[in-house]
Structure formats: structure tokens, C-alpha cells
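>>> Quick one, what's the 3D model for this:
(2 chains)
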Amino acid sequence: MNHEPARIDIEHVSVSYNSSPALEDICLQIPHGARVAVVGPNGAGKSTLFKVLVGEEPMDSGQILIHGRPLGHHRDCIAYVPQREEVDWSFPVTVEDVVLMGRCRQAKWFTKVSIYDREVAHRSLEQLGIADLSASAIGDLSGGQQQRVFLARALAQEPHIMLLDEPFNGVDAPTQEAILNLLDELKVRDVTVLVSTHDFNLAMQHFDYAILLNKRLIAFDKPEKVFTHARLQEAFSERVMIVNGHAIIDECCPPAEEHSHNRK
Amino acid sequence: MMNWILAPMAYAFMQRGLLAAIMVGMLCAVIGCYVVLRSMAFLGDAIAHAILPGVAIAYLLKGNLTIGALIAALAIAIGISIFSRRGTIKEDTAIGILFTAALALGIAIISSIRTYAVDLSHILFGNLLGVSSNDLILTAILSGVILATMLICYKPFLIISFDPLLARTLHLPVQFLRSLLLILIAVTIVVSMQTVGVGLVAAMLVTPGATAYLLTKRLPAMMALAGFIGSVSSIIGLYLSYYLNIASGASIVLTATAFFILTYLFSPRRGLLRSWFKSHKHV
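Presented below is the predicted three-dimensional model:
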């Protein structure tokens, strides 16, 4: 279609919050159309990496090229699906309103929503299996349905790159199924997808590449090469247990929350 | 009854006051929906108080008070949006410092004027019965401009309020839109100065919007209903003020508050009674 280098280049990117490092010297080249799992413990910088990619978080150093051009160039089209906790679910909008927001490009501010936009929105909702909910207020939905609304919106943006922040967290089985189907659909459409998750077993099965992150880049490769016991231990430190040759992460209790968890 | 409604309208100043109150009530309520949804109530109150020095200086120079207020409001809106960009101190702290300083400056200037008490109370609590035809025209023009801008920017304002990160991925000019919305709110506050005064304008921004929020599930409906509640509160409030002989700004705000309390108790969507019934049904 075009002859530009079609990929994400992350070159020596470092980010810090109040002088404590969040990402240190990350270097990556993600090929176009790849499905990439971003795995790491809490606070490893997974969300930070995504926010840098959408230009929300400033970099201390380094640069990011998308299709060979610097970030923020108007041709980059990135859709970002935030973690469910970051959304104000009491906001008075319906499911269709949210999905149509994804169709509001720069030049189309004040124009009316076109019939084509509505069709795209409807198809996206159908793809996620929630077309029947389009007139519902978002606050009335279940957690899994809410997650699917935002996935439908990202799909309606018709992006080249999609970033999903912890989409599998606390969702029901049908939603997990819908997300996995969406990944297959995006593969067909040649969309590059980055998905952050704790669940490296899922990452093993459904992704072309995996990034193992803990502030530094520990590994970036095919999943089976990334998730070795040694590397998992490096990323998750003492919270990895090896049971019958399978690595398991004690992910329910980050050290700081251990106490309150025990009381329940 | 008819006589009861018509009697105050025999006075031209009451007619002008009523028209101004309806326009301002509606305008505040509509833009107030963003104030409610973006949790800017404190900011709105701050801008309202911060226009005092502008008014005072205009008064001293014998200039137009509205224009003085407008300049001060724009300065403070731009000041806050610059302040809130750099996160050196928390935004509400910055606002707290800025607006009390401006308020103090305003009082300092006004206290040097001889008719201090009367003038100050007009600015703080409004002087609806002193609305001139020129004021009315200016109010109508500014209201029209603000509502038209809100209509044109409906989609981007919705997006920056609901999901600023999406706005960024869509390459919308987030900072510009945020400042524009702040400026619209600042101008609205200036327009309201004469009807409810700077002391009570925050109520007209927040209360009808909050009432409508309890009753609706979409922003356009919320805005329409808020505008309706805002103007009805203004009408009822003005009549109460005429017959009970109380300050008009106060009676308008109290009417709007009564609507809010009723809705808070009885709203079919998010009311207190409904949630009470829901939680007791299963016991």
C-alpha cells in the first residue's frame, strides 16, 4: 500500500516521575501488524509505555518513530483503550455516544455525525457482540460490557496501532473470548496490537511477540523465547514459583497490598 | 392569580430583570453541565471572585463594569490554565491562592470608594432590577456567542471532558479546547454578575446541571433540562423576590436549590428514595 517503513521504532526511551525512573533506555522495533503482549509486574511501566506512545507522557530522552516518522505526526493513527478504573463511568453518555467519539477526527469537529460513521460504530459494536446495548448508559453496564464498549470504540477509530491496557483484568469469560476474537480480526486487518497483561500463559498462546518489562526491557522476542524461567524470575523476582515445570506468578498480592488482602 | 403574575410586569425594570434572569439562568445552567461533569465547581467560584478587581478598577476609572470584569475574567482563566499545565503545586492550591488574592485586591480597591457598602453588595449579590436595555442587549449577544461556540465545539468538548487521552490520539488540540472552555465559563460568569452577583454565580453554574444530571443519561438531554431548570428557577425566584421582598439573586439560587433537593430525593434514575427502596426490597 505505501512504501514507508511500517512499524514502531522505540529508540533509547527513558521516562521518570519526580526523578524516580519509570522506564529506562527502552529500545524496540515492532514490525507492522504484529500482536505483541507486554508483560511485567505492577509498576513495571506497562501503562507508562502506552502513554508515551500516545504522546500523553513526555520522554526524558530517546525518540519514537511510527511508520518512520516522529510521534505526533498527523498520519499516525493510534487507538488506546485505558484500564477500566481510569474511566468515569458515571458520565452521561450512551454506548453509541462513546463509540462515535472514536470517529471524531481533527477535521470533523463541527460536522454532524455521518451515516457512514454510524455504520462503522454499529459494525464495531456487532464485532464485540454488544450491538443491542447501543442506547444504554455506560454506567448501567457490567464490567465486561464496559471493556467491550471501549474496544468497539478503538475499532471504530480504524487505527494502524491499537494499545490495550490490561483488557483481561477482571472480565467475564465471554468478554475474554470477544477480546481474543478481536485480536484475530485485527491480525487480518494488519493492525499492530500491543496488549499489556500479567498473564503470560495467555501471552504464550495468542501473541506473535512478547515484551517482558520491569522498567528496563528484559526481553523482546517470540513468546516461547521470552518466557524462560530465568527471565521471568528477573522480571517478577521472588513472586515466580515453578510448579511442575510451569512458572506461576503470585500476582494477587503486590507487597504493599499484602496486609489488607489478608484481612478479607 | 393572573393579576398576581402580571402585576410586577407593569414595571419596565421588572420586565428587563426577568428577561435577563431567564437568559442568564439558562446560559449558566447549560455551560454548567461541563462544570459539573469536569468537577470545576471550585474553579467557577474562583473565577467569579477573581473578577472583582476588574470591576473595581473599571468603577474607579468610570468605565464599563462589564468590560472591566471581562478583562479580569479572561486574565484569570488564562492564568489558571497556564498554572494547571505545570504541576509544581497542586491545581486547587494554585486556584485558592490566585482567587483569594484577587478578591482581596478587589475589596482593597472598593473599600477606598465612599459608597463602598452599596456598590460591593451589588457586585457580590447582583442588582437585577438595575438592568438597563444596553445591559440586556450585551447579555443577549454574549449568551448567543457562548451557546453557538458550545454547539460548534460539542463533540470535542465532550471528548476532552470524558476522555482526554482519546482527544490526544485523535489529534484534537486539547490545550486550546480546555482554555476555550475555561474562557466561555469566565464570560458566562461575567454575564451573570448583574443577576445573581459573583457570590452566588457558582450555584447557578452547578445546581441546575447537577439536578439535570440526576434525571438524564445523555449530555444533550442534560443540557436541555438544565437550561429549562435554570430559567424556571430564575422566573420563580424573581417573583418570590418581588412578593417576599428579598434579594433577587438569593431567591433565584434558593429556588434552584429546592429543585435540586426534590430531585435528589425523588429522581427515578438516581434518587435517594429509589436506592433506598432498592436496598430494602431484598431484605
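
>>> Just want the phi and psi numbers for the closest residue to chain B within chain A.
Closest approach between chain A and chain B, counting by CB to the nearest CB: A:Ala137, at 3.9 Å. In this view, the C-beta of every residue, glycine as well, is placed from N, C-alpha and C. A:Ala137 adopts backbone torsions of phi -70, psi 140, taken as degrees, to the nearest 10.

>>> how many neighbours does residue 198 have?
Chain wasn't specified; assuming chain A. Number of residues near A:His198 (other CB atoms under 10 Å in any protein chain shown) recorded here: 20.

>>> nope, chain B please
Neighbours of B:Val198 under the rule other CB under 10 Å: 26.

>>> Surely the residue of chain A closest to chain B touches A:Pro92?
Yes. In this structure A:Ala137 lies within contact range of A:Pro92 using CB atoms under 8 Å: 7.0 Å.

>>> Which of these two has more residues huddled nearby?
When A:Ala137 and A:Pro92 are compared for neighbours, A:Pro92 comes out ahead with 23 against 19, by other CB under 10 Å.

>>> Who are the contact partners of that one?
Going by CB atoms under 8 Å, 6 or more residues apart in numbering or on different chains, A:Pro92 touches A:Ala137, B:Leu37, B:Tyr213, B:Thr216, B:Lys217, B:Arg218, B:Leu219, B:Ala221, B:Met222.

>>> can you tell me how far it sits from B:Pro220?
In this view, A:Pro92 and B:Pro220 are 9 Å apart by CB to CB, to the nearest Å.

>>> ditto for B:Ala20
With CB to CB as the criterion, B:Ala20 and B:Pro220 are 26 Å apart.

>>> For those two, indicate the residue with more neighbours.
Between B:Ala20 and B:Pro220, counting by other CB under 10 Å, B:Ala20 is the more crowded of the two (27 against 13).

>>> Tell me if I am right that that one is in a helix.
Yes. Using DSSP: H, G, I helix; E, B strand; the rest coil, the assignment for B:Ala20 is a helix.

>>> Can I get stretch A:103-121 in PDB, CA atoms only?
In PDB, the C-alpha atoms belonging to stretch A:103-121 read as follows (Å, rounded to 0.1, in the frame of the first residue of the first chain):
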ATOM      1  CA  ARG A 103     -15.000   8.800  14.700                       C
ATOM      2  CA  CYS A 104     -14.300  12.400  15.600                       C
ATOM      3  CA  ARG A 105     -11.100  13.200  13.700                       C
ATOM      4  CA  GLN A 106      -9.400  16.600  13.600                       C
ATOM      5  CA  ALA A 107     -11.100  17.900  10.500                       C
ATOM      6  CA  LYS A 108     -14.600  16.700  11.500                       C
ATOM      7  CA  TRP A 109     -15.200  18.600  14.800                       C
ATOM      8  CA  PHE A 110     -18.200  20.500  13.900                       C
ATOM      9  CA  THR A 111     -19.700  18.400  11.200                       C
ATOM     10  CA  LYS A 112     -22.700  16.200  12.000                       C
ATOM     11  CA  VAL A 113     -22.200  12.500  12.600                       C
ATOM     12  CA  SER A 114     -22.400  11.000   9.200                       C
ATOM     13  CA  ILE A 115     -24.400   7.900   8.300                       C
ATOM     14  CA  TYR A 116     -21.100   6.200   7.500                       C
ATOM     15  CA  ASP A 117     -19.800   6.900  11.000                       C
ATOM     16  CA  ARG A 118     -22.900   5.400  12.500                       C
ATOM     17  CA  GLU A 119     -22.400   2.300  10.300                       C
ATOM     18  CA  VAL A 120     -18.800   1.900  11.400                       C
ATOM     19  CA  ALA A 121     -19.800   2.300  15.000                       C
END
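
>>> How far does that stretch sit from its chain's centre?
24 Å (CA atoms, centre = their mean, to the nearest Å).

>>> Give me the neighbour count for residue 57.
All of this refers to chain A. Burial of A:Glu57 is recorded as 16 neighbouring residues (other CB under 10 Å).

>>> that's the other chain; I wanted chain B
Look at B:Ile57: counted by other CB under 10 Å, it has 19 neighbours.

>>> Pretty sure it sits against B:Ala108.
No. Using CB under 8 Å, B:Ile57 makes no contact with B:Ala108, being 11.2 Å away.

>>> could you pull out the helices for the stretch 1-150 of chain B?
Applying DSSP state H, counting those that start in this stretch to the stretch 1-150 of chain B gives helices spanning B:2-6, B:12-37, B:41-50, B:52-60, B:65-83, B:91-111, B:116-125, B:133-152.

>>> among those helices, which is nearest B:Thr255?
helix B:12-37 (9.7 Å; CB to CB).

>>> quick one: that closest one to helix B:133-152, angle?
For helix B:12-37 against helix B:133-152, the angle by axes from the mean of the first three to the mean of the last three CA atoms, to 10 degrees is 30 degrees.

>>> for helix B:12-37, the distance to its chain's centre please.
Remark: helix B:12-37 is offset 8 Å from the chain centroid, using CA atoms, centre = their mean.

>>> likewise stretch A:78-92?
Counting by CA atoms, centre = their mean, stretch A:78-92 comes out at 12 Å from the chain centroid.

>>> For it, the averaged confidence score.
Per-residue pLDDT over stretch A:78-92 has a mean of 92.

>>> re earlier: and for A:Ala137 and A:Pro92, which residues touch both?
Residues touching both A:Ala137 and A:Pro92 comprise B:Lys217, B:Arg218, with contact defined as CB under 8 Å, 6+ apart.

>>> which residues touch the helix or strand where A:Pro21 lies?
Here A:Pro21, judged by DSSP states H and E, is contained in strand A:20-31. Residues from elsewhere that reach strand A:20-31, judged by CB under 8 Å, 6+ apart: A:6-16, A:36, A:45, A:48-49, A:52, A:62, A:192, A:194, A:209, A:211, A:213, A:215-217, A:220.

>>> give me that answer again for 6 Å
Residues external to strand A:20-31 that are found in contact with it (CB atoms under 6 Å, 6 or more residues apart in numbering or on different chains): A:7-10, A:12-16, A:36, A:45, A:48, A:215-217, A:220.

>>> And for stretch A:170-190?
Outside of stretch A:170-190, the residues that reach it under the criterion CB under 6 Å, 6+ apart are A:Gly33, A:Arg35, A:Leu128, A:Gly129, A:Gly143, A:Gly144, A:Gln147, A:Arg148, A:Pro167, A:Phe168, A:Val193, A:His206.

>>> let's see it at 7 Å
Residues from elsewhere that reach stretch A:170-190 (CB atoms under 7 Å, 6 or more residues apart in numbering or on different chains): A:32-33, A:35, A:127-129, A:143-144, A:147-148, A:151, A:162, A:167-168, A:193, A:206.

>>> Among the residues you listed, which pair sits farthest apart?
A:His32 and A:Gly143 (32.3 Å).

>>> Can you get me a residue count around the closest residue to chain A within the stretch 101-250 of chain B?
Closest to chain A within the stretch 101-250 of chain B is B:Lys217: 3.9 Å, counting by CB to the nearest CB. For B:Lys217, the number of neighbouring residues by other CB under 10 Å comes to 20.

>>> Look up the closest residue to it, ignoring the ones flanking it.
Ranked by CB to CB, 6 or more residues apart in numbering or on different chains and with sequence neighbours excluded, the top spatial neighbour of B:Lys217 is A:Ala137, at 3.9 Å.

>>> give the contact list for A:Ala137.
When contacts are counted by CB under 7 Å, 6+ apart, A:Ala137 touches A:Pro92, A:Thr94, B:Lys217.
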